[in-house]
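*Asks:* Build me a structure from this.
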Amino acid sequence: MKLLILDRDGVINYDSDAYIKSLDEWIPLPGAVEAIARLSKAGWTVAVATNQSGLARGYYDLATLDAMHARLRELVAEQGGEVGLIVHCPHGPDDGCTCRKPKPGMLQQIAAHYATPLDGIWFVGDSRGDLDAALAVHCQPVLVKTGKGERTLSKPLPAGTLIFDDLAAIADQLLL
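*Replies:* Residues are numbered from 1 along each chain as shown. Have a look, this model is predicted:
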């Protein structure tokens with residue numbers, strides 16, 4: 001199985017330190033939707049693992065989050081592709097869950113859903129927490145410079161981390 005796992009905010013859509021709280025605030029990054037569609041049409045399964053502590057903080061509700069993900073699926077479908085499993089962590093940073101990145105719970109959930117090992121699977125993120133989650137389950141950590149990526153790049157990265165400008169550059173590499 002050709003599986004690619006993506007973080008959401010800062011990788012697929014613009015991020016905000018004030019959180020993405022509404023469908024109107026959920027705005028895809030240039031080329032991201034097209035990249036997912038291109039990968040999907042080439043036989044890749046593209047899954048998403050996203051921390052959404054705004055739920056725990058009361059900034060938005062599950063219906064709003066579901067609407068954002070439905071919009072993502074709709075935009076990718078308009079380009080002829082599809083989005084695989086989307087998992088989210090609804091917990092706050094102090095809730096002690098096992099799913100909030102850098103913990104590996106969401107990545108393990110994706111592995112179980114697709115009944116596939118994660119060794120070497122690319123997990124694309126824009127934060128150190130994403131990279132650490134990847135390492136916890138032996139995924140290949142991949143950093144994009146979008147979102148918080150430039151800020152993350154200014155500090156030491158895990159050995160072997162791959163770095164790309166954006167999701168479109170990753171699609172270009174995987175579809176060579």
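*Asks:* From here on, just use CA atoms for contacts and neighbour counts.
*Replies:* Noted.
*Asks:* So what touches the helix or strand hosting residue 106?
*Replies:* If you go by DSSP states H and E, residue 106 is part of helix 105-114. Residues outside helix 105-114 that contact it (CA atoms under 8 Å, 6 or more residues apart in numbering): 47, 49, 85, 87-89, 98-100, 117-118, 133-134, 137.
*Asks:* Flag every buried residue along that helix.
*Replies:* Buried residues in helix 105-114, defined by neighbour count with 16 or more other CA atoms under 10 Å: 105-108, 110-111.
*Asks:* can you put the contacts of helix 105-114 in CSV and add distance to residue 30?
*Replies:* Shown next, in CSV, are the contacts of helix 105-114 (distance: CA to CA, whole Å):
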residue, distance to residue 30
47, 19
49, 20
85, 22
87, 23
88, 23
89, 25
98, 32
99, 29
100, 27
117, 31
118, 28
133, 26
134, 25
137, 30
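*Asks:* Those residues: which two are farthest apart?
*Replies:* The span of these, defined through CA to CA, is set by 89 and 117 at 20.9 Å.
*Asks:* Tell me the first helix or strand C-terminal of the longest strand seen in the chain.
*Replies:* In the chain, taking DSSP state E as the definition, the longest strand is strand 45-51. On the C-terminal side of strand 45-51, the nearest following helix or strand under DSSP H and E is helix 62-78.
*Asks:* returning to what we had before: the contacts of helix 105-114 in strands, which ones?
*Replies:* Mapping these onto strands (DSSP E) picks out 47, 49, 87-89.
*Asks:* Looking at neighbours, which among the residues you listed is most surrounded?
*Replies:* residue 49 (28 neighbours; other CA atoms under 10 Å).
*Asks:* Which strand or helix spans the residue lying closest to residue 59 once chain neighbours are set aside?
*Replies:* Of all residues beyond its chain neighbours, the one nearest residue 59 is residue 21 (6.1 Å), with distances taken as CA to CA, 6 or more residues apart in numbering. Per DSSP H and E: residue 21 is located in neither a helix nor a strand.
*Asks:* Could you pull up the residues touching residue 21?
*Replies:* Per CA under 8 Å, 6+ apart, neighbours of residue 21: 54, 59-60, 64.
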